[in-house]
Every structure is written in C-alpha cells, then in structure tokens.
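> Below are the sequence and a predicted model; questions follow.
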Amino acid sequence: MQQEKRNAREAAKKAKEKERAKKAAQRAAQKSARDAEKALQLSQRCKRKASQPSAQSRKRPKRVVDATDVGEALEGASAAPSKSTRSGRDVKLPDRFK
C-alpha cells in the first residue's frame with residue numbers, strides 16, 4: 001500500500017515537472033518574441049526625421065535699385081501718356097511691350 005502511494009506521488013511529481021517545463025518553454029518563447037518586438041520599436045523610436053532646408057533660404061533677395069535709375073525711369077515714363085482702364089486705374093505696360 002505504501003509502495004502504491006509512493007508510485008502515485010512520483011507519477012504526479014513527474015507530471016507536474018513536465019507541465020512546469022512546458023510553461024517555462026512557453027514563457028521563454030513569449031519573452032523572446034516580446035524582446036524582438038521591443039528591439040524593433042527602440043530602433044524606430046531613436047530615428048528622427050530628416051531636417052528640411054528652411055523656406056527663407058530658397059528665396060532670392062530682392063534687387064536693390066539705385067536712386068539714379070529710379071529718377072531716369074520716371075522721366076522716361078512721363079514722356080509717354082499713360083493708359084487707363086474704364087474704372088480709372090492706370091495700366092502699366094512692361095518695357096518689352098512698348
């Protein structure tokens with residue numbers, strides 16, 4: 001009778017050990033999958049977006065016109081009569097159309 005109890009206890013013990021081993025293997029697999037996922041997330045998190053050049057640097061600076069050039073341009077423009085629209089706004093034609 002004691003021998004039977006001992007055998008039953010040993011069988012139960014072996015079954016528990018097998019279950020523990022299965023669970024441990026399962027946990028290890030889940031952990032490795034989680035770690036791999038985290039490693040991917042970390043590498044993505046550390047990346048930063050490429051800096052883009054500012055819009056102002058692309059703009060060309062406006063050309064500075066000398067005061068003498070402005071005076072000469074006004075004298076030449078006053079010689080020709082200015083055209084106006086029906087509403088009364090003066091029409092300025094570019095030099096290439098004159």
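Noted; the coordinates are in hand.

> Going by C-alpha atoms from here, please, whenever you check contacts or count neighbours.
Fine.

> Phi, psi for residue 91 please.
Backbone dihedrals for residue 91, given as degrees, to the nearest 10, come out at phi -100, psi 130.

> give the contact list for it.
Contacts of residue 91 were listed using C-alpha atoms under 8 Å, 6 or more residues apart in numbering, and they are 82-85.

> Residue 85: neighbouring residues, count only.
8 (other C-alpha atoms under 10 Å).

> and the gap between it and residue 62?
30 Å (C-alpha to C-alpha, to the nearest Å).

> got it, and residue 5?
In this view, residue 5 and residue 62 are 101 Å apart by C-alpha to C-alpha.

> higher neighbour count, the two?
A direct count of neighbours by other C-alpha under 10 Å for residue 5 and residue 62 places residue 5 higher, at 10 against 6.

> can you give me the helices for the chain?
Listed in chain order, the helices of the chain (DSSP state H) span 2-46, 55-58, 67-79.

> What average pLDDT does the longest one get?
In other words, helix 2-46. Helix 2-46 shows a mean pLDDT of 87.

> what do you get for the second one?
Mean pLDDT, helix 55-58: 62.

> Run a quick neighbour tally on residue 33.
Neighbours of residue 33 (other C-alpha under 10 Å): 12.

> check contacts around it.
Taking C-alpha under 8 Å, 6+ apart as the definition, residue 33 has no contacts.

> could you measure it against residue 39, distance?
With C-alpha to C-alpha as the criterion, residue 33 and residue 39 are 10 Å apart.

> swap in residue 61?
With distances taken as C-alpha to C-alpha, residue 61 is found 48 Å from residue 39.

> and what of residue 19?
Note on residue 19: its distance to residue 39, by C-alpha to C-alpha, is 30 Å.

> next one: residue 23
24 Å.

> and if you look at residue 8?
From residue 8 across to residue 39, the span is 46 Å (C-alpha to C-alpha).
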